[in-house]
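Colleague: Provided below are the primary sequence and the corresponding predicted coordinates.
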Amino acid sequence: MQKFIGTGVALVTPFKADASIDFESLERLVNFQIENGINYLVVLGTTGEPATLSEAEKEAVKEKIIAVNNGRLPLVLGVGGNNTAAVVAEIKTTDLSHFEAVLSVSPYYNKPTQEGIYQHFKAVSKACKLPIILYNVPGRTASNVLPETVIRLATDCKNIIAVKEAAGDIVQAMKILQHAPKDFLVISGDDMIALPMTLAGGAGVISVIGQGLPAVFSQMIQFGIQGKAPEAYQLHYKVAESIDLIFEEGNPAGIKSMLKKLQIASDEVRLPLVKASDSLQDKIANFIERC
């Protein structure tokens, strides 16, 4: 799965002041990624605020990204939830012809056991014709997909080809790297530890900050893949402050503030999220001016 080695970005959904989708900004955002070294795009991941989009809006976002991308980069579609039957039904009824893989988050809120997580993804795997990237993000789901569960799924379900590991735990990531099948990809879902995970043998990152700083962040990951640690860490320390800033008041408020400063999209979000505070916007703007 060479197409998923490098830097993917979880795209935001730009909004206008009236909270409608800003398709002009979405086009600008997609082109900004393609023109600055990003390797693949994740559509309707958590950063895209799909929880607040109607089904019609989700379809419109997908269609716009597909049209603008025009086959230039691989596309990954976010399809997940905490109702296994509903996730299976969505996968079976969704047109996946323009996508190379599905990114599926571990069930949230329900707090299933490891066996429940395994059985959930086994059912999703059986229903899906595309490769699947597991998404472990305990900070949002309230349950951790342990390395042994990831390895079990990677071994038993041949179309589960990767994990987006966002526990923020480098030791956990290294356990998966050590014991998973040879071709299984361990992708960082945490921008701050994306480089050490890559240097340890990971496949790169699905990033948030990458869509604001695509050129430098994707170059950092390429240096990591090449084992050029000094060069990679030089870039890591250049952008590290911005990673802290964009998550200071939650995602995607921070990255949208950066995109506003870059004149790519507005910083509008939908409730229950709110825009970054004035003080955080000032700090992000100062970083961009210094960078």
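Modeller: Thanks, I have the structure now.
Colleague: quick one: the nearest residue to K16 once chain neighbours are set aside from A60, how far?
Modeller: Closest residue to K16 apart from its sequence neighbours, by C-beta to C-beta, 6 or more residues apart in numbering: D22 at 4.8 Å. The C-beta positions use only the backbone N, C-alpha and C, and glycine is treated the same way. In this view, D22 and A60 are 12 Å apart by C-beta to C-beta, to the nearest Å.
Colleague: what do you get for G6?
Modeller: For G6 relative to A60 (C-beta to C-beta), the value is 28 Å.
Colleague: Pick out whichever of the two has more residues nearby.
Modeller: Taking other C-beta atoms under 10 Å, G6 and A60 do not tie; G6 has more neighbours (20 against 15).
Colleague: For the more buried one, give me its contacts.
Modeller: 39-40, 203-204, 218, 221-222, 225 (C-beta atoms under 8 Å, 6 or more residues apart in numbering).
Colleague: Tell me who's in contact with the spatially closest residue to it that is not a sequence neighbour.
Modeller: Nearest in space to G6, with sequence neighbours left out and distances taken as C-beta to C-beta, 6+ apart, is N39 at 3.5 Å. Residues in contact with N39, defined by C-beta under 8 Å, 6+ apart, are 3-8, 73-74, 204, 218.
Colleague: Columns secondary structure and pLDDT on top of the residues you listed, output as JSON lines?
Modeller: Shown next, in JSON lines, are the contacts of N39 (DSSP: H, G, I helix; E, B strand; the rest coil; pLDDT from 0 to 100):
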{"residue": "K3", "secondary structure": "helix", "pLDDT": "96"}
{"residue": "F4", "secondary structure": "helix", "pLDDT": "98"}
{"residue": "I5", "secondary structure": "coil", "pLDDT": "98"}
{"residue": "G6", "secondary structure": "strand", "pLDDT": "98"}
{"residue": "T7", "secondary structure": "strand", "pLDDT": "98"}
{"residue": "G8", "secondary structure": "strand", "pLDDT": "98"}
{"residue": "L73", "secondary structure": "coil", "pLDDT": "98"}
{"residue": "P74", "secondary structure": "coil", "pLDDT": "98"}
{"residue": "G204", "secondary structure": "strand", "pLDDT": "98"}
{"residue": "S218", "secondary structure": "helix", "pLDDT": "98"}
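Colleague: Can I get those in a markdown table including distance to I246?
Modeller: Converted to a markdown table, those look like this (distance: C-beta to C-beta, whole Å):
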| residue | distance to I246 |
| --- | --- |
| K3 | 26 |
| F4 | 23 |
| I5 | 24 |
| G6 | 21 |
| T7 | 16 |
| G8 | 17 |
| L73 | 22 |
| P74 | 24 |
| G204 | 19 |
| S218 | 17 |
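Colleague: Compare those and tell me which is most surrounded.
Modeller: G8 leads the contacts of N39 on contacts (other C-beta under 10 Å) with 33 neighbours.
Colleague: burial count for V30?
Modeller: 26.
Colleague: Excluding residues flanking it in the chain, which one is nearest it?
Modeller: V68 (4.5 Å).
Colleague: The helix or strand that neighbour falls within - contacts with which helices or strands?
Modeller: If you go by DSSP states H and E, V68 is part of helix 55-69. When contacts are defined as 3 or more C-beta pairs under 8 Å, 6 or more residues apart in numbering; DSSP states H and E, helix 55-69 packs onto helix 23-34, strand 40-43, strand 75-78.
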